[in-house]
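I'll drop the sequence and a predicted model, then ask my questions.
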Amino acid sequence: MAQNQRVPLRRLRLRLRLRLRLWLLPTLLLTAGLAGCSATGRLSGSRPDPLPLPPGITVAFNHRAEARYRSPINGQWRSGDDLEALLLEAIRSARRELLVAVQELSLPAVAEALVERQRAGVRVRVVLENTYSQPWSEQHDAELSPHLRQRKQQLMALADRNHDGVLSADERQRGDAVGILQRAGVPLLDDTADGSAGSGLMHSKFLVVDRRLVVSGSANFTPSCIHGDPDDDRTRGNVNHLLRIESAALAAAFAAEFTRMWGDGPGGRPDSRFGLAKQQGGVQELWVGPTRIRLLFAPHRRSDPNQGLTLLASVLGQARRRVDLALFVFSAQELTAGLAQLQQRGVALRVLADPGFASRSFSEILDLLGAALPDRDCGLEAGNRPLARPLEGVGTPRLARGDKLHHKLAVIDGRTVVSGSFNWSPSAAHQNDETLMVIDSPLLAAHFSREMDRLWRDAELGLSPRLQRRLEQGRRLCGTGRMRR
């Protein structure tokens, strides 16, 4: 009898433990995700082993396999760190000042948090790219490009809180992030504030809190960049990361970059500076505890030895064992030869680029694979030099339809991380407002290597079927193409 009673009690205890774990799991994983923890070599069903981080630095990945959160877009549980939650936590911690410079801000909750801080007496200032600095609720479809019409449809879906397919006036107001900022009187300008038509792109993505904390990385502050497209539940957001770095010295450097763009602010003298008008200097070397960070703001003239592509070539050239790259855009011809030399020296390479970008005519992924693709006018990029011997370890990750690989990251020898908004392209180096960070930390590199491992598991290496179809189509239409001058 006693034995028969113990069996149900044992089962009851097991059930209670299971329920407790399920109840605590989202909180534990979100906390672990925002602390930058993930796992390697773990047994199925066990908790991931936490990875240590350097003092003052946290990293979050919105597709991390070991973390989980409930998407504010559709309410579904999904894998990854909640990058929006990281932004909101940083904003709500501000007591004196918030500086935001981001290509696009379309998350209403982020806008509302900025407004709340301004009402609490915090000085809030925002810089956006001019393409995204107007409230979408005031735009007319006839005046928009196909890309911006699609964006407007996605943001309308986000604003439709009751999902009835009809936007009320209240939903339009509460769902338009830029409109929320403007109605609250949050000072905002874009890259036309200098009297120009805008820089190549105001492409920076950073937040500075009280001159003590910086949040920066590859993610724009948008639903599609973080959670997924509001009108398509199959998407999980462009693959991105954000770094949270506590450092007065680093915050001062970012604040100085913001000040160059801000000038006197809205209504002041036309002394904002964007693009080449900022006359950027060289690399700034800063320390966050024991961690060295080399910081560079773009753009620079092609003849300037301080330009970002020169810094990247130098960092790559120091590799001895392994180089991992996960890039949205890779179109810098001068870096292709450097990668070929690394492989000749026996350096192991893992190079992944966004599938959509990889099949463009100016993609260096094609060059690394020994292929050339004419553009729509049957022209080949000037100076195009596909490798005679294709590199191994080059390909594209498998992503949900509609998502992009949006990282701009590298890991060198498991010791050095490259991060920021800086795509590996001439436009990033010579036209756009960009941020490029080189961080020397084996502890941080381990987190980025784990992200690369995740992307690598299902990657298509070599000429994928998609690339082969594009190449065959190009040959049918253009033959071998003609070199542009």
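Nice, I can see it.

where does the chain have low pLDDT?
Residues of the chain meeting the criterion pLDDT under 70: 1-48, 483-485.

domain assignment for it?
Each domain of the chain is listed here as a residue range: 57-262, 280-483, per automatic domain parsing.

and these: which comes nearest residue 272?
domain 57-262 (3.9 Å; Cβ to Cβ). C-beta: built from backbone N, CA, C; applies to glycine.

can you lay out the domains of the chain as a markdown table showing mean neighbour count and distance to residue 274?
Formatted as a markdown table, the domains of the chain follow (neighbours: other Cβ atoms under 10 Å; distance: least, Cβ to Cβ, whole Å):
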| stretch | mean neighbour count | distance to residue 274 |
| --- | --- | --- |
| domain 57-262 | 20 | 4 |
| domain 280-483 | 19 | 6 |
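
which one, of these, ends up nearest to residue 271?
Closest to residue 271 of those, according to Cβ to Cβ: domain 57-262, at 7.7 Å.

mind checking the end-to-end distance for that closest one?
End-to-end distance for domain 57-262: 27 Å, by Cα to Cα, to the nearest Å.

can you give me how far it is from the chain middle?
The chain centroid and the centroid of domain 57-262 are separated by 12 Å under Cα atoms, centre = their mean, to the nearest Å.

can you give me the strands in the stretch 351-485 of the chain?
379-380, 394-396, 408-412, 416-420, 434-440, 460-461, 482-483 (DSSP state E, counting those that start in this stretch).

so which of those strands gets nearest residue 229?
Going by Cβ to Cβ, the one of these nearest residue 229 is strand 394-396, 19.9 Å.

packing partners for that closest one?
Judged by 3 or more Cβ pairs under 8 Å, 6 or more residues apart in numbering; DSSP states H and E, strand 394-396 is in contact with strand 348-353, helix 364-368, strand 460-461.

dump those to TSV, plus distance to residue 190.
Below are the helices and strands packed on strand 394-396 laid out as TSV (distance: least, Cβ to Cβ, whole Å):
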stretch	distance to residue 190
strand 348-353	29
helix 364-368	30
strand 460-461	38
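
circling back: same list (the domains of the chain) but as TSV, adding distance to residue 271.
Formatted as TSV, these follow (distance: least, Cβ to Cβ, whole Å):
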stretch	distance to residue 271
domain 57-262	8
domain 280-483	16
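
residue 273: which of these is closest?
Closest of the domains of the chain to residue 273 is domain 57-262, at 4.8 Å (criterion: Cβ to Cβ).

list the contacts of residue 316.
323, 335, 338-339, 342, 410, 412 (Cβ atoms under 8 Å, 6 or more residues apart in numbering).

what sits against the closest residue to residue 161 other than its chain neighbours?
Leaving out its chain neighbours, the residue that sits closest to residue 161 by Cβ to Cβ, 6 or more residues apart in numbering is residue 171, at 5.8 Å. Contact analysis of residue 171 by Cβ under 8 Å, 6+ apart lists 159-162.

from residue 301, how far off is the residue nearest to the spatial centre of the chain?
In the chain, the residue lying closest to the centroid (Cα atoms, centre = their mean) is residue 218, at 2.0 Å. According to Cβ to Cβ, to the nearest Å, residue 218 stands 25 Å off from residue 301.

the helices in the stretch 351-485 of the chain, which residues?
According to DSSP state H, counting those that start in this stretch, the stretch 351-485 of the chain carries its helices in the segments 355-358, 364-368, 426-430, 442-457, 465-478.

what is the second one packed up against?
Contact analysis of helix 364-368 by 3+ Cβ pairs under 8 Å, 6+ apart lists helix 333-344, strand 348-353, helix 355-358, strand 394-396 as its packing neighbours.

how far off centre is it?
Relative to its chain's centre, helix 364-368 lies at 22 Å (Cα atoms, centre = their mean).

and for the fourth one?
Between the mean C-alpha location of helix 442-457 and the chain-wide mean there is a distance of 15 Å, by Cα atoms, centre = their mean.

cool, stretch 396-415 as well?
Centre-to-centre, stretch 396-415 and its host chain are 10 Å apart (Cα atoms, centre = their mean).

next, the distance between the ends of that stretch.
Stretch 396-415 end-to-end distance (Cα to Cα) = 24 Å.

over to stretch 366-378?
Length of stretch 366-378, first residue to last, Cα to Cα: 16 Å.

partner strands of the regular element (helix or strand) spanning residue 126, parallel or antiparallel?
For residue 126, the enclosing helix or strand under DSSP states H and E is strand 123-128. Strand 123-128 sits in its sheet next to strand 97-102 (parallel), strand 188-190 (parallel), going by DSSP bridges.

contacts for the helix or strand that the shortest one is followed by?
If you walk from strand 188-190 toward the C-terminus, the next helix or strand you reach (DSSP H and E) is strand 205-209. Applying Cβ under 8 Å, 6+ apart, the external contacts of strand 205-209 come out as 87, 90-91, 93-94, 97-103, 214-221, 251, 254-255, 258, 421, 435.

now with 7 Å?
By Cβ atoms under 7 Å, 6 or more residues apart in numbering, the list of residues contacting strand 205-209 from outside reads 87, 90, 93-94, 98-103, 214-220, 251, 254-255, 258, 421, 435.

repeat for stretch 219-233
By Cβ under 7 Å, 6+ apart, stretch 219-233 touches 62, 71-74, 83-84, 87, 102-107, 110, 153-154, 157-158, 205, 235-238, 240-242, 402, 406.

how about stretch 385-398?
So stretch 385-398 is contacted by 333, 339-340, 343, 349-353, 355, 358, 365-372, 405, 455, 458-462, 464 (Cβ under 7 Å, 6+ apart).

that stretch: how far from the chain's middle?
That offset, for stretch 385-398, works out to 23 Å (Cα atoms, centre = their mean).

try stretch 293-307
20 Å.

could I get it in CSV with only the CA atoms?
The C-alpha trace of stretch 293-307 is given here as CSV (Å, rounded to 0.1, in the frame of the first residue of the first chain):
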residue,chain,number,x,y,z
ILE,A,293,38.2,48.5,-29.0
ARG,A,294,39.3,50.1,-32.2
LEU,A,295,36.5,52.5,-33.4
LEU,A,296,36.2,54.1,-36.8
PHE,A,297,33.4,56.3,-38.1
ALA,A,298,33.0,56.4,-41.9
PRO,A,299,33.1,57.7,-44.6
HIS,A,300,36.5,58.6,-45.9
ARG,A,301,37.8,59.6,-49.3
ARG,A,302,39.3,56.8,-51.4
SER,A,303,42.8,58.3,-51.1
ASP,A,304,42.5,58.5,-47.3
PRO,A,305,44.6,55.8,-45.6
ASN,A,306,42.2,55.9,-42.6
GLN,A,307,39.3,54.4,-44.6
